[in-house]
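Engineer: attaching a predicted model along with its sequence, questions to come.
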Amino acid sequence: MQSAGETPVRHRICLVGPGFRFLGGLSVYTCRLATALAEQHDVSVITLDRLLPARFYPGGHRVGQQLSVLRYPDTVQQGPSVDWWWGRTIARAVAHLRRERPEVLLLQWWTAATLHTYLALAIAAKRLGIPVVIEFHELQDTGEAGIPLIGPYRALLMPRLLKLASGALVHNQHDLEMLQDEYRDHLDHLAVEIAPHGPYDHLGAETAGTADAAVTEDADGADGVTRLLFFGLIRPYKGAEDLVEAFNALTAEEAARFRLTVVGETWEGHTRPADLIRDSPHRDRIEFVNRYVSDTEAAGFFADADAVVLPYRRGSASGPLQIAMSNGLHVLLYAVGGLVEAVRDYPGAVLLPPDDVIALGKAIRSLPERRGERFEDPHSWSATLDAVSRLAAAVHPGQVSSA
């Protein structure tokens, strides 16, 4: 840790994570993290371009579409991209490591689809004397866990990746405990740090207010209508159906005080939210955008919202939650997993008993009197920068090999 007034040590860090071709939350996270790290360190990125065969990806129809406004800044050196089948791309990535000699190789982990590539890069880094740090966003994607052979594949090879690593980074104590439970025999040699998910302030940042700020109201707002938003992939664990059920349970008089917007692409054949919306007694009060929207559209949805409702059944972190907090909005969510820690210092969050649709409905009914409140987001990327800096200092052995 640096003393007061001491110049921070600059480390050479190579970050590996998904690019924008298979756009998702980790594409955004990788770019935002690289941008933040570049404020204190010399950063390069190796992106995973073609993450897996598009026909196996639930959002395969949109692969390659330009939906994000994010771009890597000039302060981040963009290295090569790697495809799932490798070809020459893996050789270019290894050549990048040999040429740049980073002091840390920081791997973003969330899916077993990256495992073979991460093993190859970690083996190359080991031979070059470059320490490997793994940042865990979740141990395994829930949809992936149900695919035959994926679980055994991960169980077989993840210990080998952990053996090659020198450090690990997780978002919260809950995730650390899950990691320890699953890989207890493979973690003793790792330096471990906890840092909360950094803010997503690239969407609608200009709309974020303070606790005392007035809301700019549209026609609905002027009539006292409270605008509810569900945003993100529509998957079984996201609980969108609980929100629609709670909304459908409102009386006609109560529903007239609200508008509900549900925005998201359906994955894993989870059509129950769509069915409930179709049959809703308040269908005229619901807007359903059943696709993956662009960043420009997303910014508009958050700018128009008073409250974001995220009734997840499990979770470590959430991009929509980060955007909601950056915009200072009310947030309703179930008290599950790492999400409890994610909103611990955010005054606009209301935590509810998991899977309790009745409690969710009551919380929704309480919003109109407070809908104009906006809140300060207590999060920044500084905790992540500090954690990565500590890990870099802990795992870097000094001079790397000249091999």
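Structural biologist: Noted; the coordinates are in hand. Values in this document were obtained by computation on a predicted structure and should not be read as measured data.

Engineer: report the distance from stretch 101-108 to the chain centre.
Structural biologist: Centroid displacement of stretch 101-108 relative to its chain, using Cα atoms, centre = their mean, to the nearest Å, is 20 Å.

Engineer: again, but for stretch 340-350
Structural biologist: 16 Å.

Engineer: first-to-last residue distance for that stretch?
Structural biologist: For stretch 340-350, the first and last residues are 10 Å from each other (Cα to Cα, to the nearest Å).

Engineer: residues making contact with that stretch?
Structural biologist: Stretch 340-350 has contacts (Cβ atoms under 8 Å, 6 or more residues apart in numbering) with 171-174, 196-197, 211, 317-318, 321, 325, 328-333, 351, 363, 373-379. Any C-beta I mention is one placed from the backbone N, CA and C, and that applies to glycine too.

Engineer: roughly how far apart are residue 58 and residue 269?
Structural biologist: Look at residue 58 and residue 269: by Cβ to Cβ, to the nearest Å, they are 9 Å apart.

Engineer: tell me which of the two has more neighbours.
Structural biologist: residue 58 (14 against 9; other Cβ atoms under 10 Å).

Engineer: distance check, that one against residue 284.
Structural biologist: Taken as Cβ to Cβ, the span from residue 58 to residue 284 is 30 Å.

Engineer: cool, residue 190 as well?
Structural biologist: 54 Å.

Engineer: neighbour count for the two, which is higher?
Structural biologist: Using other Cβ under 10 Å as the criterion, residue 190 and residue 284 rank with residue 190 on top: 21 against 9.

Engineer: which is the next helix or strand following the least confident helix or strand in the chain by mean pLDDT?
Structural biologist: The weakest-scoring helix or strand in the chain, judged by mean pLDDT, DSSP states H and E, is helix 219-222 (a mean of 47). Next along the chain after helix 219-222, taking DSSP states H and E as the criterion, comes strand 226-231.

Engineer: now what about that next one, what contacts it?
Structural biologist: 220-221, 240, 243, 247, 257-264, 298, 301-302, 304-310, 320, 323, 364, 367-368, 371.

Engineer: chain center to that strand: distance?
Structural biologist: Centroid separation for strand 226-231 versus its chain: 19 Å, with Cα atoms, centre = their mean.

Engineer: cool, stretch 162-173 as well?
Structural biologist: That offset, for stretch 162-173, works out to 17 Å (Cα atoms, centre = their mean).

Engineer: how about residues contacting it?
Structural biologist: Against stretch 162-173 from outside (Cβ under 8 Å, 6+ apart): 106, 119, 122-123, 125-126, 131-137, 176, 179, 183, 186-187, 189-197, 316-317, 338, 341-342, 384, 387-388, 391, 394-395.

Engineer: buried ones in it?
Structural biologist: Residues 162, 164-172 are the ones in stretch 162-173 that count as buried (16 or more other Cβ atoms under 10 Å).

Engineer: and residue 387, how close does it get to residue 239?
Structural biologist: 30 Å.

Engineer: can you list the buried residues in the helix or strand where residue 388 lies?
Structural biologist: Secondary structure from DSSP H and E places residue 388 in helix 382-395. Using 16+ other Cβ under 10 Å as the test for burial, helix 382-395 gives 384-392, 394-395.

Engineer: could those residues go into JSON lines alongside pLDDT and distance to residue 144?
Structural biologist: Listed next are the buried residues of helix 382-395 as JSON lines, based on pLDDT from 0 to 100; distance: Cβ to Cβ, whole Å:
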{"residue": "384", "pLDDT": "94", "distance to residue 144": "25"}
{"residue": "385", "pLDDT": "95", "distance to residue 144": "30"}
{"residue": "386", "pLDDT": "95", "distance to residue 144": "31"}
{"residue": "387", "pLDDT": "95", "distance to residue 144": "27"}
{"residue": "388", "pLDDT": "95", "distance to residue 144": "27"}
{"residue": "389", "pLDDT": "94", "distance to residue 144": "32"}
{"residue": "390", "pLDDT": "94", "distance to residue 144": "31"}
{"residue": "391", "pLDDT": "96", "distance to residue 144": "27"}
{"residue": "392", "pLDDT": "94", "distance to residue 144": "30"}
{"residue": "394", "pLDDT": "94", "distance to residue 144": "31"}
{"residue": "395", "pLDDT": "92", "distance to residue 144": "28"}
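
Engineer: just the contacts of stretch 340-350: which are in strands?
Structural biologist: 330-333, 351 (DSSP state E).

Engineer: coming back round to it: now the contacts of stretch 340-350: which count as buried?
Structural biologist: Among those, those buried by neighbour count (16+ other Cβ under 10 Å) are 171-172, 174, 196-197, 317-318, 321, 325, 328-333, 351, 363, 373-377, 379.
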